[in-house]
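Participant: okay, here's the prediction I keep looking at, along with the sequence it came from:
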Amino acid sequence: RQSPVVAATPKKARTVGSVMVTHPERVVYPDAGITKQQVAEYYRAVAGRILPELIGRPLSILRCPDGTGATCFFQKHHADALGAQVRYVRLREKAGGSDRYLYIDDEAGLLELVQMNTIEFHPWGAYADAPDRPDRMIFDLDPAPDVAWPALIEAARDVRAKLREAGLESFVRLTGGKGVHVVAPIRRGPDWAEVKAFCEAFADAMVASSPLTYVATASKAKRRGRIFIDWLRNTRGATSVASWSLRARPGAPVAMPLRWEDLSSASSSSMYDLAAAQRRAARLRRDPWQGYDALDQRLPQVG
Ligand code: ATP
Ligand code: MN
Ligand code: MN
């Protein structure tokens, strides 16, 4: 005998900020039981913190229409269906020709992308109106699976110290995954080739001084026990996850900017989940990256 099928009553769409969120009850993180409504409310709550990371930059978004337990996909090109407040800029494509790259300039655009099941936000290292003039460098530290967390903290500090020797202040974020990003803002001017050349030389110098700790090539074989300094994030069209972005990984971790002083007490890259990040956003007085905007540092000469 068949048991009666009880159809779940679909809840009505709800507005979050100025945006209508459909299927608010849909579970986005099956492991953590987090719904689309909670994701939308999270992004609304941290909008003031994440928007400065996103506004005006071409974005890759990671969309998960069937939740983070199912297939997700990256999207960088604009589509009208993304929402009326989602902007585009026509940019040259590597393969030739050009296409419409998406970006946003306010909270409505942010929430429209969330309504379209965006979980992760990945901005370029340049603005839509000057895509060939990067304004920062990112050193993406990727530990091999057998690298202990304290060694990664030490590596991030080491990168900071070596950047300082080169005259550059930097900032740190937990990615919400396995590693950390060290970010150094630069005055706009140099092109991608110049920035990439500095980053490659910098990573090579780190490897030369501590070859047992670091690698600068993507080769998996060389990585055992080491930290890959992924300097290839610093090319035209490459992205890195925005601070305050959720990650589409179990537990709903968030990419979190930290003060350098707080890095030593961090327990893992994914220590902040959605709820903890939302609490932190509400409580924080000062921006962990305070001083970032006021820095006006030139890209050092290579060599
Ligand atoms: P983790 O700490 O686990 O390494 P991560 O965000 O640094 O997290 P990486 O795989 O090292 O992940 O990638 C670095 C950045 O490169 C990402 O933040 C993302 O912006 C970009 N990226 C990586 N893979 C892709 C991809 N398949 N499509 C688009 N962007 C990607
Ligand atoms: Mn990484
Ligand atoms: Mn990487």
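Facilitator: All right, it came through fine. In this text, all values refer to a predicted model and were calculated from it rather than measured experimentally. Ligands and ions are numbered 1, 2, ... in the order given.
Participant: what sits against the spatially closest residue to P30 that is not a sequence neighbour?
Facilitator: The spatial neighbour of P30 that comes closest, neighbours along the chain excluded (Cβ to Cβ, 6 or more residues apart in numbering), is G69 at 4.4 Å. For glycine as for every other residue, the C-beta is placed from the backbone atoms N, C-alpha and C. Contact partners of G69, counting by Cβ atoms under 8 Å, 6 or more residues apart in numbering, are 29-31.
Participant: nearest to A242, of the residues you listed?
Facilitator: For the contacts of G69, the residue nearest A242 by Cβ to Cβ is Y29; the value is 18.7 Å.
Participant: surely that closest one touches C72?
Facilitator: No - Y29 sits out of contact with C72 when judged by Cβ atoms under 8 Å, with a separation of 11.9 Å.
Participant: okay, these two: which has more neighbours?
Facilitator: Neighbours per residue, other Cβ atoms under 10 Å: of Y29 and C72, the larger number sits with Y29, 24 against 18.
Participant: for P24, see how far away the closest residue to the more buried one other than its chain neighbours is.
Facilitator: Sequence neighbours aside, A252 is the residue nearest to Y29 in space, at 4.8 Å (criterion: Cβ to Cβ, 6+ apart). Relative to P24, A252 is positioned 16 Å away (criterion: Cβ to Cβ, to the nearest Å).
Participant: burial check on the residue nearest to Y29, number of neighbours?
Facilitator: A252 sits with 27 neighbouring residues when counted by other Cβ under 10 Å.
Participant: in the protein, what residue comes closest to ligand 3?
Facilitator: Using Cβ to the ion, D230 is the residue of the chain that sits closest to ligand 3, at 3.7 Å.
Participant: isn't that residue up against D140?
Facilitator: Yes - using Cβ under 8 Å, D230 and D140 qualify as a contacting pair, with a distance of 3.9 Å.
Participant: ok now the host helix or strand of E200, how far from the chain's centre?
Facilitator: With elements delineated by DSSP states H and E, E200 resides in helix 192-209, which encompasses its position. Helix 192-209 has its average C-alpha position 21 Å from the chain's average C-alpha position, going by Cα atoms, centre = their mean, to the nearest Å.
Participant: need the residues of the stretch 151-300 of the chain near ligand 1, please.
Facilitator: Those residues of the stretch 151-300 of the chain that sit near ligand 1, judged by Cβ under 6 Å from any ligand atom, are 175, 177-179, 230, 233, 239-241, 269.
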